[in-house]
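[1] A predicted structure for the sequence below; I have some questions about it.
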Amino acid sequence: MTLPPGEPTGSESADPTGSPDPPERWLTPGILGVGGASLCSDAGHELVTSLLPTFVTSTLHAGPAALGAIDGVADALTGLSKLAGGPLAADPSRRGRLAAGGYLGTAVATAAIGIATAVWQVAVLRALAWVSRGLRSPARDTLLTDLSRRGAFGRAFGVERAGDNLGAIIGPLLAAVLVGTLGIRHTILLSIVPGMLAAVAITVAAREARRTLAEPAGRRRLSLSLGALQRAGVTRALVPLACFELGNLATTLLILRASDLLAARPGWSPSRAASVAVLLYAAHNAVAALAALVAGALADRRGPRLVLVTAGVCYVAGYALLAAGPRGAGLVVAFLLAGCGIGLGETASSTVVALATPEPLRGNAFGVLGLTQAVGDLGATVVAGALWAWLGPGVAFGYAGAWMVLAILTSGRAGVARATPHPA
């Protein structure tokens, strides 16, 4: 018995007895290592993020403006460092070291905030942590494509995104448990533990990737390769992804909307409303983790376009509810829809870029995607915040929903459909 010419569907092949080989395993220790690194790292820096407002305002006696400046500068540097990390990640010989170094840098700089005695020190350390975070991202995503076959890219990115969202739940919970007994400074210092575990996990993944890749002929020249990316069709694929990010509001705005609506209920105090809003945020992240796993499997079977469209629909429905101002079950549904939207959308975005880009350009493509996401997220939150202040929350959520509609409409014409993989 012989196979017909052409690429095999999935991982089945025939042996001389006619029995198919067992399906190739896609969930390898390396992919689990990348997912574990995202989980541990996110738990560490989300632990600190949840305590940062209190630390800056109560311990260091600064104001909200300082807190906003610290995170605003750090977020801007993240986007630029992701762009810079793309060409570095394009070289297989430095990819693993870059990822491991980025996780280690994030862990050390984030934990060092616990010994800061002035606001400027917090700003510098936060910026260093976020630059390290940005530099490592293209290397991590390219490692994932090294560790998985083309027909399993979606599932691999789903594992990584699920780990990231679970870490966003674990970190604040750890902060709530530890801060009452250890104090705020010691709790921040302890964030180095999950951060170091993340560095170990990504190192394990990088070693597996080195065993599976052929030895590179030499170092690749550092270049953004924007022209090559355009010729490969990556810029077309980025159009709906950019629209999606311009409608992807920061979760702080969702939490603010929930707090305001709940506090307006008879008998509800602001502290009770804030507590329930944080619980809604935790549920949002839990659903996002589950949605990322589902999105990965769906992207591998049906292509990432369907996943991106579904993400946009979830966001449009969730934003419509938040614009209407629900206070009961509708508020819960809105947060769950937004969680589905981010879990589906982030997984689809990474899968689109991985499938649309030839291997030598993937690091560069992930760097450009990171910059697109950072600029889009910043623009979405700044514009929506201004619209909220001037015209009310309904207009702000309507504005974000309009971008999601545009992402849905452009998904078929901008190259996303052509990025569909072979059947897994």
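    Right, received. Where do you want to start?
[2] How many residues are close by Arg272?
    Counted with other Cβ atoms under 10 Å, residues neighbouring Arg272 total 14. C-betas here are computed from N, CA, C, even on glycine.
[3] Test my guess that it contacts Leu262.
    Yes. Using Cβ atoms under 8 Å, Arg272 makes contact with Leu262 at a distance of 7.4 Å.
[4] quick one: common contacting residues for the two?
    Residues touching both Arg272 and Leu262 (Cβ atoms under 8 Å, 6 or more residues apart in numbering): there are none.
[5] which of the residues in the helix or strand encompassing Ala37 are buried?
    When secondary structure is defined by DSSP states H and E, Ala37 falls within helix 29-54. For helix 29-54, burial by neighbour count (16 or more other Cβ atoms under 10 Å) applies to 30-52.
[6] got the angle between the longest helix along the chain and helix 29-54?
    Longest helix in the chain by number of residues (criterion: DSSP state H): helix 270-302. If you take axes from the mean of the first three to the mean of the last three Cα atoms, to 10 degrees, helix 270-302 sits at 160 degrees to helix 29-54.
[7] Next SSE downstream of helix 270-302?
    Following helix 270-302 toward the C-terminus (DSSP H and E): helix 304-324.
[8] Against which helices or strands is that next one packed?
    Using 3 or more Cβ pairs under 8 Å, 6 or more residues apart in numbering; DSSP states H and E as the contact test, the elements touching helix 304-324 are helix 234-246, helix 270-302, helix 329-356, helix 393-410.
[9] closest one to Arg95 among the ones you listed?
    helix 329-356 (14.4 Å; Cβ to Cβ).
[10] could you give me the average pLDDT of that closest one?
    The average pLDDT within helix 329-356 is 95.
[11] After it, which helix or strand is next?
    Next in sequence after helix 329-356, counting helices and strands by DSSP H and E, comes helix 362-391.
[12] buried sites along that following helix?
    362-378, 380-381, 383-385, 387-388.
[13] For stretch 269-281, what is the distance to the chain centroid?
    Chain-centre distance of stretch 269-281: 24 Å, with Cα atoms, centre = their mean, to the nearest Å.
[14] confidence score at the residue lying closest to Arg136 once chain neighbours are set aside?
    With sequence-adjacent residues excluded and distances taken as Cβ to Cβ, 6 or more residues apart in numbering, Arg136 is closest to Gly102, at 2.3 Å. On pLDDT, Gly102 comes in at 95.
[15] any idea of the angle the host helix or strand of Gly102 forms with helix 29-54?
    Taking DSSP H and E as the criterion, Gly102 maps to helix 92-112. Angle of helix 92-112 versus helix 29-54, following the same axes, to 10 degrees, is 30 degrees.
[16] Off-centre distance for helix 92-112?
    How far helix 92-112 lies from its chain's middle: 17 Å, per Cα atoms, centre = their mean.
[17] One more: stretch 157-175?
    Stretch 157-175 has its C-alpha centroid displaced from the chain centroid by 10 Å (Cα atoms, centre = their mean).
[18] cool, stretch 271-282 as well?
    A distance of 23 Å separates the centroid of the chain from that of stretch 271-282, by Cα atoms, centre = their mean.
[19] What's the mean pLDDT across it?
    For stretch 271-282, the per-residue pLDDT averages 84.
[20] Can you mark which positions in it are buried?
    Neighbour-count burial for stretch 271-282, counted by 16+ other Cβ under 10 Å, picks out 273-274, 276-278, 280-281.
[21] same question, stretch 250-265
    So, applying 16+ other Cβ under 10 Å, buried residues of stretch 250-265: 250-251, 253-259, 261-263.
[22] among those residues, which are in helices?
    Counting by DSSP H, the buried residues of stretch 250-265 contribute 251, 253-259, 261-263 to helices.
[23] what's the burial count for Asp91?
    Using other Cβ under 10 Å, Asp91 has 19 neighbouring residues.
[24] which stretches of the chain have low pLDDT?
    Applying pLDDT under 70 to the chain flags the ranges 1-24, 64, 68, 213-224, 413-424.
[25] do that again at 50, thanks
    1-22, 217, 415, 417-424 (pLDDT under 50).
[26] Now do the longest helix of the chain and helix 329-356, the angle between them.
    Using the same axes, to 10 degrees: helix 270-302 against helix 329-356 is 40 degrees.
[27] for helix 270-302, packing partners?
    Using 3+ Cβ pairs under 8 Å, 6+ apart, the elements in contact with helix 270-302 are helix 153-182, helix 251-263, helix 304-324, helix 329-356.
[28] What residues of the next helix or strand after the longest one count as buried?
    What that stands for is helix 153-182. From helix 153-182 onward toward the C-terminus, using DSSP H and E, the following helix or strand is helix 184-189. The neighbour-count check on helix 184-189 (16+ other Cβ under 10 Å) flags 184-185, 187-189 as buried.
[29] same deal with stretch 81-96?
    Under 16+ other Cβ under 10 Å, the buried positions of stretch 81-96 are 81-92, 94-96.
[30] Same check on stretch 95-115?
    In stretch 95-115, counting by 16+ other Cβ under 10 Å, buried: 95-96, 98-114.
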